[in-house]
Each structure stands twice: as C-alpha cells, then as structure tokens.
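Quick one, what's the 3D model for this:
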Amino acid sequence: MRDAGVTTAGYQGTPAPNQWFGGPELTTNAVAFGRFSVSFRAGSVVLRDASGLVVDSLNYGGLVDPWAAEGYQTTSGSEQTGCHVPAPGGAMSIGPAAAGATNTSAGRFPDGADTDSNCTDFVTQAAATVSSAADAGATNIKVTSVAGFDAGQKIMIDTGANLETAVIATVGTAGATSVGAATDAGATVIPVVNATGFRDGQTFTIDRGTNSETAVVAAVRRGFGGTTITVAAPLTRAHSAGAQVSGTGITLAAALARAHAIGAQVTDNVPTPGAPNRYDRKPH
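Prediction:
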C-alpha cells in the first residue's frame with residue numbers, strides 16, 4: 001500500500017524506485033501491506049519465484065521466523081540470538097531521517113553477494129546522533145554511540161544544507177546528558193535527564209571548567225523513579241541541576257565548519273538509491 005499524498009515520510013528522493021516494497025511509512029513502527037503490516041524493528045522477508053518456491057529469505061532485527069533465517073544459528077555473534085540482519089536504528093528504511101534518527105540501511109556487501117548466511121552477508125553503516133549541541137569551531141562531538149567508528153575514518157555529520165564531512169582523530173566514549181537534580185560532594189548516585197549511550201565501566205565527565213571531574217559508571221538505572229548513574233567512587237565536588245554529564249565523544253582532526261543540534265545524524269556512509277550502498281566491511 002502506498003499513499004501518494006504522503007510527502008514527508010519514506011523515500012522521497014531521486015531516482016524513482018523501479019519497485020516499491022512498501023510505504024511511505026504509515027506509522028513510526030510499521031508499513032502497511034493491505035491487511036498486514038511489516039515492523040520496522042524486526043520481521044522476516046521471503047522471496048519466492050513464479051512457482052512459489054522460496055529462493056531467498058532473511059530475518060531482520062531478531063530471530064522472528066527461524067525457518068526463514070539463513071545461517072548458523074548457534075554462534076551468530078556477540079549479543080545476538082540467532083542469525084539475522086541488523087536493523088539500523090530499528091528501521092529497515094532508506095528514507096529521510098526523522099529527528100533523532102539516522103538515515104542508514106542494512107545491505108549485502110559486496111553488493112549482491114549471497115553466502116546463505118544473514119550474519120555473514122549483511123552489514124550496516126556505522127551511525128549515531130549528536131547528543132549535545134556542537135558549535136561551529138568545535139573539535140569534539142558528543143554522540144549516542146561510538147560503535148563502528150574508528151580513528152582516521154571519514155564521517156558525515158548532519159543532513160541537507162547543514163551537512164559536512166570530517167575525519168576522526170580519536171574515538172572516546174558515548175553519551176551526553178545533564179544532572180537532573182543538585183548533587184552533593186560525596187554522592188555516589190547522580191540523577192540524570194537520560195542515560196542514552198552510557199555503559200557500565202565507562203569513564204565520563206561531570207560539569208565544566210574548574211568544577212569538572214571525571215567518574216566511572218558503576219551502574220545505570222532507569223525506572224519510574226527517574227534515571228540515575230551510580231559512580232564507582234564518591235564525587236569530589238557538588239554539581240548543580242543542568243550541569244553537563246558526558247562521555248569523551250569523538251574528537252575530529254579539524255574544527256567543525258557548522259553548528260549541529262542535538263539529534264543530528266553522524267554516519268560513515270548513507271544509503272545511495274539507484275546505486276549499490278557503501279559499507280565498511282566490518283559488521284556494525
């Protein structure tokens with residue numbers, strides 16, 4: 001099902017596709033196919049020939065239909081259950097990125113290669129979003145994830161007229177948020193606005209200037225009582241509500257030419273409709 005009146009979702013660029021697999025997206029989570037829907041987060045796709053025989057199949061985002069999953073299902077990789085295609089940003093989409101989302105896709109690499117293993121054949125672009133606004137002239141950006149990024153790698157920051165490229169000098173740790181409520185010296189639990197990107201064992205910085213200090217994440221807690229980061233050692237300084245809490249981020253080889261808002265995408269490659277997508281060989 002395709003709604004020609006939808007002009008702000010799904011793929012809207014050129015060249016025009018020679019076949020629509022569905023969309024534009026009708027909701028943030030699924031594309032409708034008649035009476036059915038396909039989740040952007042996880043599902044399966046089966047390709048049949050004219051006689052109805054299955055010629056190719058895959059699971060994406062998880063092991064949804066084991067019979068349609070290609071590959072050895074026992075040792076499919078770290079933090080994976082079964083062999084499936086990664087779903088970038090939770091969406092199998094090549095359309096313009098929504099706010100806070102990244103415009104990435106999963107694909108076979110080299111293009112068209114098929115070893116009958118979803119784990120081996122498919123990769124995604126490295127992708128994250130800016131987690132703390134970056135000013136023009138800055139040489140460091142805070143990001144929601146550093147997975148798949150490496151020193152010396154060329155990256156693209158933001159989209160449209162605000163797009164610029166940069167080269168990574170060093171890769172640090174992810175995350176950027178702010179203190180949710182004033183915290184005293186000696187505290188071991190920091191209330192934060194959110195904890196996206198923070199991981200146990202990660203070194204991060206609290207506050208700025210002379211009041212800044214570093215700490216190590218002992219645990220991250222999310223619940224109805226709020227989000228907190230427990231640190232491995234008591235804080236040495238007091239910090240007011242709103243003080244920045246951040247990982248070390250990605251340091252760039254040269255200063256940014258433009259400012260970039262929270263939610264701007266950061267990728268190593270983007271989808272290229274009409275031509276084979278580009279990927280680094282390593283899975284992300």
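
Run the chain-centre distance for stretch 236-249.
When distances are taken as CA atoms, centre = their mean, to the nearest Å, stretch 236-249 is centred 24 Å away from the chain's centroid.

quick one, strands of the stretch 151-284 of the chain?
Using DSSP state E, counting those that start in this stretch, the strands found in the stretch 151-284 of the chain span residues 154-157, 164-171, 176-178, 189-192, 203-206, 213-223, 226-231, 244-246, 250-252, 265-267.

deepest of those, which one?
Sort the strands of the stretch 151-284 of the chain by mean neighbour count, taking mean count of other CB atoms under 10 Å, and strand 265-267 sits at the top with a mean of 25. To be clear about C-beta, it is placed using only N, CA and C from the backbone, and glycine gets the same treatment.

Which strands and helices lie in contact with that one?
Contact here means 3 or more CB pairs under 8 Å, 6 or more residues apart in numbering; DSSP states H and E; on that basis strand 265-267 packs against strand 127-132, strand 154-157.

Nearest approach to residue 129 belongs to which of the strands of the stretch 151-284 of the chain?
Nearest of these to residue 129, taken as CB to CB: strand 265-267 at 5.7 Å.

Can you list the strands that the closest one pairs with?
Counting by DSSP bridges, the strands paired with strand 265-267 are strand 127-132 (antiparallel), strand 154-157 (antiparallel).

circling back: got the helices and strands packed on strand 265-267 as JSON lines, with distance to residue 42 and mean pLDDT columns?
Below are the helices and strands packed on strand 265-267 laid out as JSON lines (distance: least, CB to CB, whole Å; pLDDT from 0 to 100):
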{"stretch": "strand 127-132", "distance to residue 42": "18", "mean pLDDT": "90"}
{"stretch": "strand 154-157", "distance to residue 42": "27", "mean pLDDT": "94"}
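
about what we covered before: to residue 219, which of the strands paired with strand 265-267 lies closest?
Closest among the strands paired with strand 265-267, using CB to CB: strand 127-132, at 19.9 Å.

follow-up on the earlier one: so which of the strands paired with strand 265-267 is nearest residue 148?
For the strands paired with strand 265-267, the distance to residue 148 is smallest for strand 127-132, at 7.5 Å, taking CB to CB.

quick one: average pLDDT of the very next helix or strand once past that closest one?
Later in the chain than strand 127-132, the nearest helix or strand by DSSP states H and E is strand 140-143. Mean per-residue pLDDT for strand 140-143: 94.

tell me what strand 140-143 is packed against?
Packing partners of strand 140-143 (3+ CB pairs under 8 Å, 6+ apart): strand 127-132, strand 250-252.

what ranges of the stretch 151-284 of the chain fall below the confidence cut-off?
Within the stretch 151-284 of the chain, the ranges that satisfy pLDDT under 70 run 281-284.

hmm, back to that, I'd like to know which of the helices and strands packed on strand 265-267 lies nearest to residue 176.
That would be, of the helices and strands packed on strand 265-267 and by CB to CB, strand 127-132, which comes in at 3.6 Å.
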